[in-house]
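*Asks:* here's my sequence, what's the structure:
(one chain, ligands or ions: 1)
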Amino acid sequence: MQNDLRDNKWLKERFRYLYQRYFSDIEITNNLIIKFGRPCRTRLGSIKKGRRVENFNSIITINGYFRDLGIPGYVIDAVIAHEFMHYAHGFASPHEQAYATPHKGGVIDYDLKERGLGDILKSEKQWVKENWENYLKQNHTYKSRRKSIFRILFR
Ligand SMILES: [Zn+2]
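*Replies:* Have a look, this model is predicted:
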């Protein structure tokens, strides 16, 4: 996708594309919001329920660093897909909860591979492993602790 501005509108379009290509069998029955959050060292993305109790929103937040065009698009795709699998599994969504815990037995990666996202997932993991720590060194403005990013990297 050619675009030199990664804003929330771009993110929404990216989601729509991925949804149509890989997830169109999964019903979206509430208001699903996807947006960039703050730049963050440890969390690449997250999904949570909005504040409204009745007919709640589901909110997918993507790391604010990913607005940077230096981050490959497939990294963002993989994170969007990961968070949407949580939605499909009934975490922070109206779907029936499919597992006791969100990452039980590697279900997310398993399902993503089943849906044909294996290559994207593999590229993402490789990119993160090879580049993320360095990226943060160059871009993170806070004083960072001498703790390996990979130990605390989760989403
Ligand atoms: Zn997760």
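*Asks:* which residues touch N31?
*Replies:* Applying CB atoms under 8 Å, 6 or more residues apart in numbering to N31 gives the contacts 50, 55, 57-58. Placement of C-beta: from N, CA and C, glycine included.
*Asks:* please read the previous query as pertaining to R67.
*Replies:* Counting by CB under 8 Å, 6+ apart, R67 makes contact with 6-7, 36.
*Asks:* and it, how far from I76?
*Replies:* In this structure, R67 and I76 are 10 Å apart, going by CB to CB, to the nearest Å.
*Asks:* check Y65 too.
*Replies:* As judged by CB to CB, Y65 and I76 stand 10 Å apart.
*Asks:* follow-up on the earlier one: just the buried residues of the contacts of R67.
*Replies:* Neighbour-count burial (16 or more other CB atoms under 10 Å) is assigned, among these, to 6, 36.
*Asks:* and the contacts of R67 as a markdown table, adding secondary structure and pLDDT?
*Replies:* Below are those laid out as a markdown table (DSSP: H, G, I helix; E, B strand; the rest coil; pLDDT from 0 to 100):
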| residue | secondary structure | pLDDT |
| --- | --- | --- |
| R6 | coil | 94 |
| D7 | coil | 96 |
| F36 | strand | 97 |
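*Asks:* quick check, nearest of the contacts of R67 to K122?
*Replies:* Closest to K122 out of these is R6 (22.7 Å), distances taken as CB to CB.
*Asks:* where do the strands of the chain begin and end?
*Replies:* Counting by DSSP state E, one finds strands in the chain at the ranges 32-36, 45-49, 58-62.
*Asks:* which of these sits most buried?
*Replies:* Counting by mean count of other CB atoms under 10 Å, strand 58-62 has the highest mean neighbour count of the strands of the chain, with a mean of 22.
*Asks:* so how far is that one off the chain centroid?
*Replies:* Relative to the centre of its chain, strand 58-62 is centred 8 Å away, using CA atoms, centre = their mean, to the nearest Å.
*Asks:* mind checking the pLDDT average for that strand?
*Replies:* Throughout strand 58-62, pLDDT has a mean value of 98.
*Asks:* who does it touch, helix- and strand-wise?
*Replies:* Counting contacts by 3 or more CB pairs under 8 Å, 6 or more residues apart in numbering; DSSP states H and E, strand 58-62 packs against strand 32-36, strand 45-49, helix 73-88.
*Asks:* cool, thanks, signing off.
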